[in-house]
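# can't give you the sequence, but here's the structure:
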């Protein structure tokens with residue numbers, strides 16, 4: 001085990017983990033409060049809140065994907081991360097004063113959209129660094145980065161609401177800005193320069209290959225969307241199911257979600273170790289099987305202890321998919337780390353938006369318990385897509401005409 005963690009004593013590797021932690025804390029302090037801020041701070045209606053969140057997500061997807069393509073063609077990832085994180089600090093500073101809905105929306109579209117590039121670029125440069133310097137420990141290192149991000153989201157949201165209750169929105173926004181400034185300083189002082197160098201013809205060909213033509217990539221990304229679509233529906237619906245339909249205290253829902261997170265983080269680290277012996281996409285199939293079993297058993301659970309026990313399956317599924325899901329698409333597109341990582345991140349962002357709409361519709365027409373069936377369908381579809389994607393990946397790739405694609 002000592003050989004596996006010896007690289008953690010190096011300055012560069014620690015810097016990547018710290019950036020994952022501090023930038024994650026920034027998001028954990030801001031995004032859980034965003035809906036409340038829009039409604040209470042900006043005096044928006046629920047419909048306006050939905051429009052605000054949807055426009056914010058789609059603008060972030062568009063901008064981050066464009067930046068990802070440019071980063072793979074030569075833009076230095078370190079500078080992109082610094083600028084994107086600095087944009088987040090600017091947004092926090094502006095939101096401490098802005099209380100107009102349309103002005104806040106403009107800030108989200110024209111400034112906050114650039115912050116969406118920070119996290120995928122961080123994981124892209126982390127993977128490139130690991131492939132170059134850590135050898136067979138590369139996947140473990142990326143899993144550790146992802147575990148640090150998850151840890152930040154275990155810590156961030158509860159502290160954000162404590163600050164919100166104590167001093168209001170501005171206290172949480174100030175803390176979010178402070179932790180992001182720390183992240184910017186770490187990137188500035190400790191990250192090595194990492195500019196893409198097109199030194200080989202094959203590398204140029206791969207970079208210009210559209211992701212839609214990478215064998216297995218489109219189906220895999222749809223599978224990722226389905227997995228996180230189902231998981232986000234679960235995270236949104238389980239507190240409402242526990243309090244509204246089971247008539248239990250809200251603390252019970254917190255315990256259920258906390259237990260899953262407690263299991264999820266060590267599984268992320270273990271998944272990085274398992275990936276040295278088992279292909280990551282096979283482990284993703286195992287994740288989808290575990291998720292589907294969890295949703296099916298959850299729908300039929302008749303006692304609270306059963307819901308608690310099932311969190312083992314849930315934590316196992318999310319621990320693998322959250323840590324190795326990114327690795328698989330990076331493996332499919334090794335010379336397009338920026339595009340690959342951003343596609344994965346954007347699939348999760350769109351899944352988050354789609355899940356919130358779906359939960360509302362299903363609960364309105366039926367109840368929150370019925371949402372579990374939709375989750376089961378999504379998990380099963382993800383499993384099928386992962387199997388087909390793996391089969392397509394094993395096929396020999398077609399020859400790409402670079403001039404035609406350009």
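Great, that's in hand. Please read all numbers here as calculations on a predicted model, not as lab measurements. Residues are numbered from 1 along each chain as shown.

# tell me where the stretch 251-400 of the chain has helices.
Ranges of helices in the stretch 251-400 of the chain, per DSSP state H, counting those that start in this stretch, are 280-299, 304-332, 337-365, 368-394.

# chain center to the second one: distance?
With CA atoms, centre = their mean, to the nearest Å as the basis, the distance from the averaged C-alpha position of helix 304-332 to the chain average is 13 Å.

# and if you look at the shortest one?
Relative to its parent chain, helix 280-299 has a centroid offset of 18 Å by CA atoms, centre = their mean.

# quick one: mean pLDDT over stretch 222-230.
The average pLDDT within stretch 222-230 is 95.

# about what we covered before: I'd like the helices of the stretch 251-400 of the chain as TSV, with distance to residue 106 and mean neighbour count appended.
All C-beta atoms are positioned from the backbone trio N, CA, C, and that covers glycine. Converted to TSV, the helices of the stretch 251-400 of the chain look like this (distance: least, CB to CB, whole Å; neighbours: other CB atoms under 10 Å):
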stretch	distance to residue 106	mean neighbour count
helix 280-299	38	22
helix 304-332	31	22
helix 337-365	20	20
helix 368-394	34	20
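
# redo those as JSON lines? Include mean pLDDT.
Formatted as JSON lines, those follow (pLDDT from 0 to 100):
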{"stretch": "helix 280-299", "mean pLDDT": "94"}
{"stretch": "helix 304-332", "mean pLDDT": "92"}
{"stretch": "helix 337-365", "mean pLDDT": "88"}
{"stretch": "helix 368-394", "mean pLDDT": "89"}
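
# residue 121 is nearest to which of these?
helix 337-365 (6.3 Å; CB to CB).

# quick one: the helices in the stretch 1-150 of the chain?
Under DSSP H, counting those that start in this stretch, the stretch 1-150 of the chain gives helices at 2-5, 11-36, 46-72, 77-95, 101-107, 113-115, 118-133, 138-167.

# before we move on, the earlier item: now the helices of the stretch 251-400 of the chain in a markdown table, with distance to residue 87?
Listed next are the helices of the stretch 251-400 of the chain as a markdown table, based on distance: least, CB to CB, whole Å:
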| stretch | distance to residue 87 |
| --- | --- |
| helix 280-299 | 32 |
| helix 304-332 | 23 |
| helix 337-365 | 16 |
| helix 368-394 | 33 |
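
# so which of those helices is nearest residue 192?
helix 337-365 (15.0 Å).

# flag the shaky bits of the stretch 1-150 of the chain, pLDDT-wise.
Applying pLDDT under 70 to the stretch 1-150 of the chain flags residues 1-9.

# do me a favour and get the end-to-end distance for stretch 273-287?
15 Å (CA to CA, to the nearest Å).

# before we move on, back to that, let me have the helices of the stretch 1-150 of the chain in a markdown table, extended by mean neighbour count.
Shown next, in a markdown table, are the helices of the stretch 1-150 of the chain (neighbours: other CB atoms under 10 Å):
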| stretch | mean neighbour count |
| --- | --- |
| helix 2-5 | 10 |
| helix 11-36 | 21 |
| helix 46-72 | 18 |
| helix 77-95 | 21 |
| helix 101-107 | 17 |
| helix 113-115 | 24 |
| helix 118-133 | 23 |
| helix 138-167 | 20 |
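
# excluding its backbone neighbours, what's nearest residue 372?
With CB to CB, 6 or more residues apart in numbering as the criterion, residue 372 has its nearest non-adjacent residue at 4.1 Å, and that residue is residue 299.

# that neighbour contacts residue 379, doesn't it?
No - the criterion here is CB atoms under 8 Å, and residue 299 misses it with residue 379 at 11.2 Å.

# residue 352: what's it in contact with?
Residues counted as contacts of residue 352 (CB atoms under 8 Å, 6 or more residues apart in numbering) are 57, 228, 232.

# kindly report the same for residue 351.
Neighbour list for residue 351: 224-226, 228-229, 232 [criterion: CB under 8 Å, 6+ apart].

# now with 10 Å, please.
For residue 351, the contacting residues are 224-233, 378, by CB atoms under 10 Å, 6 or more residues apart in numbering.

# try residue 127
Going by CB under 10 Å, 6+ apart, the list of residues near residue 127 reads 16, 138-139, 141-142, 145, 326-327, 330-331, 334, 337, 340-341.
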